[in-house]
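Peer 1: below are the sequence and a predicted model; questions follow.
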Amino acid sequence: MDSPHWTALLSGWRDAPGTLPSRLALKLRTHIQAGRLSSDDPLPAERALSALLGVSRSVVVTTYDDLAAGGWITRRRGSGTRVAATAPRRQGVLTLRTPLNQTPTPDRELDFTHAVPYLTPAHRQELVAAARDAFQESLYHPLGLPDLRALLADTYRAEGLPTRPEQVFITTGAQQAISLTAGTLLQRGDAALMETPTYFGAIDVFRAAGASLVGVPVGPHGVRHEDFLTAARTHHPRLAFLTPTFQNPTGTVMPARTRQLIAAHAHDTALPVIEDDTLIDLDFGDGDGRHVVPPRLATYAPDAPIVNVGSLSKLYWAGLRVGWMRVPDLLHGPLMQAKTLTDFGGSLPAQHIALRLLQDLPRLRRERREHVTHARDLLAHLLRTHLPGWSFDLPDGGQFLWVRLPTEHASHFTHHAARHGLRLFPGASMGVQTLPDHYLRLPFTVDPARLPDAVARLQAAWASFQMREGGERLA
């Protein structure tokens with residue numbers, strides 16, 4: 001059984017009212033109707049599904065019996081349980097790894113699946129002030145507000161990457177930039193290189209484009225250039241996706257020499273690369289003295305087909321939905337057309353607010369680093385105190401702890417933790433190919449005041465999960 005796949009598919013199944021079998025049956029019927037489960041698709045074996053969900057086998061047996069009686073599934077000895085050919089269905093869609101279909105209740109649940117800054121009263125006041133001139137025009141700007149594009153071009157140049165304003169496109173968050181690039185450059189069946197593990201939103205985008213995903217393993221210093229070049233020469237990819245600085249989810253930083261070699265390969269072979277810069281501002285250097293982070297990958301080959309993607313979502317607030325992309329000349333025409341046809345331009349009020357905020361970028365970076373560093377240190381201290389069997393390396397930047405659990409069933413644990421009011425994301429779901437099911441990605445963007453409660457719940461969930469793994473059956 002593909003545990004990460006079924007973990008994503010059945011996430012939140014307990015949220016509906018009714019008995020456990022009726023809740024599980026409702027979730028499966030919903031996915032069959034939506035096309036996420038198609039005719040003749042196999043369902044997990046009873047024992048495997050009960051272990052994943054932390055319920056007794058009788059819950060799964062009753063669920064399957066009810067679905068079979070309703071004509072949703074078929075059960076045959078030797079061929080297992082499958083979606084019935086006569087079951088209602090729509091056109092097939094992906095089972096997204098991106099955890100956006102959940103509606104947590106803040107008072108009762110703690111959500112570790114998302115990693116975005118929360119708004120403080122000071123942020124709200126600042127946003128109101130920044131919106132003072134946000135409603136002054138009614139024009140279309142398909143590639144973004146000119147003043148904002150010029151400001152971002154200045155920022156890239158100041159950090160060593162030659163950039164003209166016309167090379168900067170404003171997008172609806174970094175996700176749109178990734179989606180536009182993949183949708184423009186990839187055709188069904190094309191090979192695409194990705195780090196493994198990597199950002200689940202990029203995995204979903206590349207899968208939706210029909211690409212054949214090739215994973216390059218992430219080590220202590222990101223991907224090794226030898227592994228990247230070998231994969232590129234073997235699979236002849238049409239696009240690659242990399243996060244050289246504070247990689248999501250591991251927090252690793254790619255060395256300068258590796259960046260230089262990969263950039264040279266992109267330049268010499270015209271291999272398009274998406275360089276995800278969304279976490280580049282979150283360096284945990286002390287005061288004004290930052291860690292020595294190498295220049296962007298694109299800096300080593302400014303004319304190579306490397307698309308740099310940035311966003312305000314991790315630096316300030318995801319609700320603005322303002323991102324951007326630096327587009328090299330080689331890709332300017334097709335990406336400009338794709339961006340124009342997509343939306344004729346993003347929200348102008350949001351861009352005016354972003355312009356005001358980014359005019360004070362050094363302060364934004366400083367304040368965000370201070371906040372995130374405090375949260376990182378607090379979460380690390382609590383985990384080491386209360387869950388000493390869990391292991392992780394303290395990252396120098398970013399917003400995640402990549403935590404290894406002493407179990408081969410971390411996906412199972414995420415379902416168990418939901419019963420303790422915790423929403424968790426299994427690390428195996430961030431693998432491009434099969435990834436060992438040992439990891440959780442824990443963001444330290446939760447309100448620090450709630451972290452002690454969150455770790456107390458983790459500790460309680462882990463204690464009862466260990467009892468279950470020891471043989472206790474849970475109804």
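Peer 2: Received, thanks. Numbers count the residues shown, from 1 in each chain.

Peer 1: can I assume Gly346 is in contact with Val322?
Peer 2: Yes: contact status for Gly346 versus Val322: in contact at 7.1 Å, counting by Cβ atoms under 8 Å. Heads up, the C-betas are built off the backbone N, CA and C, glycines and all.

Peer 1: next, the buried residues of stretch 41-61.
Peer 2: 43-44, 46, 49-55, 59-60 (16 or more other Cβ atoms under 10 Å).

Peer 1: spatially, which two of these are the most separated?
Peer 2: Spanning the widest gap among the buried residues of stretch 41-61 are Leu43 and Gly54, at 17.6 Å by Cβ to Cβ.

Peer 1: what domains does the record give for this structure?
Peer 2: As given by automatic domain parsing, the domain ranges for the chain are 3-83, 110-119+363-469, 121-361.

Peer 1: chain center to the last one: distance?
Peer 2: Right, the one you point to is domain 121-361. Relative to its parent chain, domain 121-361 has a centroid offset of 14 Å by Cα atoms, centre = their mean, to the nearest Å.

Peer 1: below-threshold pLDDT in this protein: ranges please.
Peer 2: 89-95, 100-107, 286-291, 469-475 (pLDDT under 70).

Peer 1: go through it and flag its longest strand.
Peer 2: strand 212-219 (DSSP state E).

Peer 1: mind listing residues that contact it?
Peer 2: 189-198, 203, 206-207, 223, 227-228, 231, 235, 237, 247, 250, 252, 431-433 (Cβ atoms under 8 Å, 6 or more residues apart in numbering).

Peer 1: what's the answer for stretch 455-468, then?
Peer 2: 54, 110, 379, 382-383, 386-387, 407, 412-413, 416-417, 419-422, 474.

Peer 1: can you list the buried residues in stretch 362-375?
Peer 2: For stretch 362-375, the neighbour count (16+ other Cβ under 10 Å) marks 364-365, 368-369, 371-373, 375 as buried.

Peer 1: my error: substitute stretch 332-351 in the last question.
Peer 2: Those would be 335-336, 338-339, 342, 345-348, 350-351, for stretch 332-351 by 16+ other Cβ under 10 Å.

Peer 1: just stretch 154-164 next, same as before
Peer 2: The neighbour-count check on stretch 154-164 (16+ other Cβ under 10 Å) flags 155-156, 161, 163 as buried.

Peer 1: and what of stretch 16-28?
Peer 2: Residues of stretch 16-28 classed as buried: 20-21, 23-28 (neighbour count, 16+ other Cβ under 10 Å).

Peer 1: Serialize those residues to a markdown table and add fields for secondary structure and distance to Leu213.
Peer 2: Converted to a markdown table, these look like this (DSSP: H, G, I helix; E, B strand; the rest coil; distance: Cβ to Cβ, whole Å):
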| residue | secondary structure | distance to Leu213 |
| --- | --- | --- |
| Leu20 | helix | 35 |
| Pro21 | helix | 35 |
| Arg23 | helix | 32 |
| Leu24 | helix | 30 |
| Ala25 | helix | 32 |
| Leu26 | helix | 31 |
| Lys27 | helix | 27 |
| Leu28 | helix | 26 |
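
Peer 1: adding distance to Arg259, write those residues out as TSV.
Peer 2: TSV is the format used below for the buried residues of stretch 16-28 (distance: Cβ to Cβ, whole Å):
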residue	distance to Arg259
Leu20	50
Pro21	53
Arg23	48
Leu24	47
Ala25	51
Leu26	49
Lys27	44
Leu28	46
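
Peer 1: closest one of the residues you listed to Ala266?
Peer 2: Lys27 (42.8 Å).

Peer 1: so what's that closest one up against?
Peer 2: 10, 12-13, 16.

Peer 1: at 7 Å what do you get?
Peer 2: Shown in contact with Lys27 (Cβ atoms under 7 Å, 6 or more residues apart in numbering): 10, 13.

Peer 1: element containing Thr81, please.
Peer 2: Thr81 belongs to strand 80-83 when elements are defined using DSSP states H and E.

Peer 1: after that strand comes which helix or strand?
Peer 2: strand 110-111.

Peer 1: and the strands in the stretch 151-300 of the chain?
Peer 2: Using DSSP state E, counting those that start in this stretch, the strands of the stretch 151-300 of the chain run over 168-171, 191-196, 212-219, 222-223, 239-242, 273-276.

Peer 1: CA atoms only: put stretch 357-377 into CSV for me.
Peer 2: Extracted C-alpha coordinates of stretch 357-377, given in CSV (Å, rounded to 0.1, in the frame of the first residue of the first chain):
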residue,chain,number,x,y,z
LEU,A,357,6.1,47.0,2.2
LEU,A,358,9.1,46.1,0.1
GLN,A,359,10.4,49.6,0.2
ASP,A,360,11.4,48.7,3.7
LEU,A,361,12.7,45.2,2.9
PRO,A,362,15.7,45.2,5.4
ARG,A,363,13.4,45.9,8.3
LEU,A,364,10.9,43.2,7.1
ARG,A,365,13.7,40.7,6.9
ARG,A,366,15.1,41.6,10.3
GLU,A,367,11.7,41.4,12.1
ARG,A,368,10.8,38.1,10.4
ARG,A,369,14.1,36.5,11.2
GLU,A,370,13.9,37.5,14.8
HIS,A,371,10.4,36.0,15.1
VAL,A,372,11.1,32.8,13.3
THR,A,373,14.4,32.2,15.1
HIS,A,374,12.7,32.4,18.5
ALA,A,375,10.0,30.0,17.3
ARG,A,376,12.6,27.6,15.9
ASP,A,377,14.6,27.5,19.1
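
Peer 1: what's the burial count for Gly12?
Peer 2: 16 (other Cβ atoms under 10 Å).

Peer 1: look up how far Ser56 lies from it.
Peer 2: Distance, Gly12 to Ser56, by Cβ to Cβ, to the nearest Å: 20 Å.
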